[in-house]
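**Student:** Give me the fold of what follows.
(chains A and B)
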Amino acid sequence: MAATFFGEVVKAPCRAGTEDEEEEEEGRRETPEDREVRLQLARKREVRLLRRQTKTSLEVSLLEKYPCSKFIIAIGNNAVGVWEEVGCAKLWNEWCRTTDTTHLSSTEAFCVFYHLKSNPSVFLCQCSCYVAEDQQYQWLEKVFGSCPRKNMQITILTCRHVTDYKTSESTGSLPSPFLRALKTQNFKDSACCPLLEQPNIVHDLPAAVLSYCQVWKIPAILYLCYTDVMKLDLITVEAFKPILSTRSLKGLVKNIPQSTEILKKLMTTNEIQSNIYT
Amino acid sequence: MDVCTFEKVGIRGTNIVVLGVEKKSVAKLQDERTVRKICALDDHVCMAFAGLTADARVVINRARVECQSHKLTVEDPVTVEYITRFIATLKQKYTQSNGRRPFGISALIVGFDDDGISRLYQTDPSGTYHAWKANAIGRSAKTVREFLEKNYTEDAIASDSEAIKLAIKALLEVVQSGGKNIELAIIRRNQPLKMFSAKEVELYVTEIEKEKEEAEKKKSKKSV
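**Tutor:** Sure, this is the predicted structure:
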C-alpha cells in the first residue's frame, strides 16, 4: 500500500511475486462465462454440410452418401465447369467477411460440391474460402468420413502467388504462371508437370487433403499453380489446361475449340472493373 | 503486388519509331480517351508505360515539365537519353527514401534526337534504364521479346510500314482478340507523334493476315 501526493491510498505493485501468481492462477481457471463463450465460438466455427435442395444437414459424410470414383477439389479463384450442385459446406471463421452464418445464400456458400451429370461418380468441390486450421479436420471428416474408400482418385487444384516460390533462380526469370505437382504414395500415374521442389511447401486445405489421402492410402495428386495474379485471370486458368490431358481427367473433358472464347468471356467482367493498372 | 498489365511493344526503325499497346476492355460508360497508355512527353518523345496508372501520371507530369524546362534553359529539346535518365533518376530516388514506395511502372520511351537517330529506352521501378532496338513490357513480355528476337532484321525495319507491321505482329502473338484491341503510335523523323485510328490499325492487320495466308499457300505448294 502506498499513499499518493493527494492522500489517496493505492495498491502498489508488488515485486515479491506472490500476489501476482495468485492473480494469474485465477485467470487460468475457466469461469462459466468463459466456457460458454468458448462453446459458442466452437459452434459458430463448426463446418456444416448441407444438401442442395432441402438445405438440411447430411447425417453421414459426403462421400459415404455419394460414393465417387474421381474427386476433383478446386481451391482458390483460379482453380474452379457441366456440373450439378449436390450440396455445400458452410463454415465461418475470422477470415469471413459476412457475419450472418445462418442465412448464407448459395452464391455465398463457401465450398460447393457438384457431381457430373453424365457420370455421377465424378465429384467436384469448389472451395473459394479460407478454411482455418482447426476447421480443416472437421471438413475432412464431414466430406471423407472416418473410414474413406480407397478406390477413388483425388485431384486437387490450387494457386499460390509466385513470390512464395523459393528458388535459387531470379524471380524475374520464372515463367509464371507455372505448375508444380505433389502426389501421394499410392498415386501411380505420372504428373503432367515437374514435382514441387524443396524447400517449397503446400499450405492450408490443399495440404490437409493431401496429408489425409497419404495417411489413408488414397491415390491423390495436387497441382499447384504459381501465378503473379491472384484474381481470376485467363492466363493463369489456361496454365491448368495440361491437367485436362492427363490420364485420369482426359475422359471427362470434351476438347472444345471454343474453350478459350468461353474462358475469355468469363474473364472480361473482371478485367473491366480494374482501372488501377494499365 | 498483382501484375495485371497489358502488353506494350516498342520498335526502333531506321526512320520511324513505333509504340504498340494492348488496349484493355473499357467499361461501356467510360470515356475511352481517358484511358490512354501512350503519352507524349514532348513533340519528339513519347512514352508507353505498364503498371500503376496513378504512378505513371505523376512520372509523366514531372517528365513533361522537365522537357519544357530544359528547352527554355538550354534552348534545345531534350534528347531521349536525357529524359530517360531523368525519369530513371526520379524512380531511383523513391527506392532510397524512407516513407516512400517505388513507382510501380515500367516505361518504354521512344523518340528522335536532334542528330536524327531514333532511340528506344526501357526503364523499370528500380531506376535502371537501357537502350534497346526493340522491346516489350507487360505480362507476356517474354513471349513477345522472343518473337522480336526472331523477326527483328534490318529488312524488317528498313521501311516504315514494315516496322509498323512488325510491332502489330508482335502484339498479335499475345493479344487476345486481334486488331481491335491494339493501339498504335508512331513518330517519324522531324514529325510529331501520330496516333493511329482503329481503322488504320485494322488495315495493317488485314494486310498482315493476307501475307500470312500467302506464305502458307506457298509452303503447301512447296511441300506438294
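**Student:** drop to CA atoms for contacts and neighbour counts, all remaining ones
**Tutor:** Will do.
**Student:** Show me what the least confident helix or strand in chain B by mean pLDDT is packed up against.
**Tutor:** Ranking every helix and strand in chain B by mean pLDDT, DSSP states H and E puts helix B:154-158 at the bottom, with a mean of 85. On a contact count with 3 or more Cα pairs under 8 Å, 6 or more residues apart in numbering or on different chains; DSSP states H and E, helix B:154-158 meets helix B:160-172.
**Student:** so what secondary structure elements neighbour the helix it packs on?
**Tutor:** Partner elements for helix B:160-172 (3+ Cα pairs under 8 Å, 6+ apart): strand B:8-12, strand B:16-22, helix B:141-151, helix B:154-158, helix B:198-223.
**Student:** now do 10 Å
**Tutor:** strand B:8-12, strand B:16-22, strand B:134-137, helix B:141-151, helix B:154-158, strand B:182-188, helix B:198-223 (3 or more Cα pairs under 10 Å, 6 or more residues apart in numbering or on different chains; DSSP states H and E).
**Student:** Buried by neighbour count: which residues of the fourth one qualify?
**Tutor:** For helix B:141-151, burial by neighbour count (16 or more other Cα atoms under 10 Å in any protein chain shown) applies to B:141, B:143-145, B:147-148.
**Student:** Show me what that helix is in contact with.
**Tutor:** By Cα atoms under 10 Å, 6 or more residues apart in numbering or on different chains, the residues outside helix B:141-151 that reach it are A:173, A:175, B:6-9, B:11, B:133-138, B:152, B:157, B:166-167, B:169-174.
**Student:** can you give me the helices in chain A?
**Tutor:** A:18-28, A:32-44, A:62-65, A:133-144, A:204-215, A:234-239, A:247-250, A:259-273 (DSSP state H).
**Student:** what about A:Cys88, neighbour count?
**Tutor:** Look at A:Cys88: counted by other Cα atoms under 10 Å in any protein chain shown, it has 24 neighbours.
**Student:** what sits against residue 207?
**Tutor:** Picking chain A for this. A:Ala207 neighbours (Cα under 10 Å, 6+ apart): A:136, A:156, A:182, A:201, A:213, A:222.
**Student:** I was after chain B.
**Tutor:** Counting by Cα under 10 Å, 6+ apart, B:Glu207 makes contact with B:165, B:201, B:213.
**Student:** just to revisit the earlier point, what's the most distant pair in the contacts of A:Ala207?
**Tutor:** Pairwise distances across these peak at 19.1 Å for A:Gln136 and A:Leu182 (criterion: Cα to Cα).
**Student:** who's more crowded, these two?
**Tutor:** Using other Cα under 10 Å as the criterion, A:Gln136 and A:Leu182 rank with A:Leu182 on top: 22 against 19.
**Student:** Specify the beta-bridge partners of the closest residue to that one other than its chain neighbours.
**Tutor:** Spatially, and ignoring its direct neighbours in sequence, A:Leu182 is nearest to A:Leu222 (5.1 Å; Cα to Cα, 6 or more residues apart in numbering or on different chains). When bridges are called by DSSP bridges, A:Leu222 pairs up with A:Ile156, A:Leu182.
**Student:** Tell me the predicted confidence for A:Leu222.
**Tutor:** Per-residue pLDDT puts A:Leu222 at 91.
**Student:** Correct me if wrong: it contacts A:Ser190.
**Tutor:** No - contact status for A:Leu222 versus A:Ser190: not in contact, 11.9 Å apart, counting by Cα atoms under 10 Å.
**Student:** Give the residues shared as contacts by these two.
**Tutor:** A:181, A:183.
**Student:** Neighbour count: those two, which is higher?
**Tutor:** A:Leu222 (26 against 13).
**Student:** Now do the contacts for the more buried one.
**Tutor:** By Cα under 10 Å, 6+ apart, the contact list for A:Leu222 reads A:72-74, A:154-158, A:180-184, A:191, A:195-196, A:202, A:206-207, A:209-210.
**Student:** repeat that with 8 Å
**Tutor:** Contacts here follow Cα atoms under 8 Å, 6 or more residues apart in numbering or on different chains; on that basis A:Leu222 touches A:155-158, A:181-183, A:206, A:210.
**Student:** Quick one: these as CSV, columns for pLDDT too.
**Tutor:** Formatted as CSV, these follow (pLDDT from 0 to 100):
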residue, pLDDT
A:Thr155, 88
A:Ile156, 88
A:Leu157, 88
A:Thr158, 88
A:Ala181, 92
A:Leu182, 93
A:Lys183, 91
A:Pro206, 89
A:Leu210, 91
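**Student:** could I get these as a markdown table with distance to B:Thr95?
**Tutor:** Below are those laid out as a markdown table (distance: Cα to Cα, whole Å):
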| residue | distance to B:Thr95 |
| --- | --- |
| A:Thr155 | 43 |
| A:Ile156 | 40 |
| A:Leu157 | 37 |
| A:Thr158 | 34 |
| A:Ala181 | 37 |
| A:Leu182 | 38 |
| A:Lys183 | 42 |
| A:Pro206 | 37 |
| A:Leu210 | 42 |
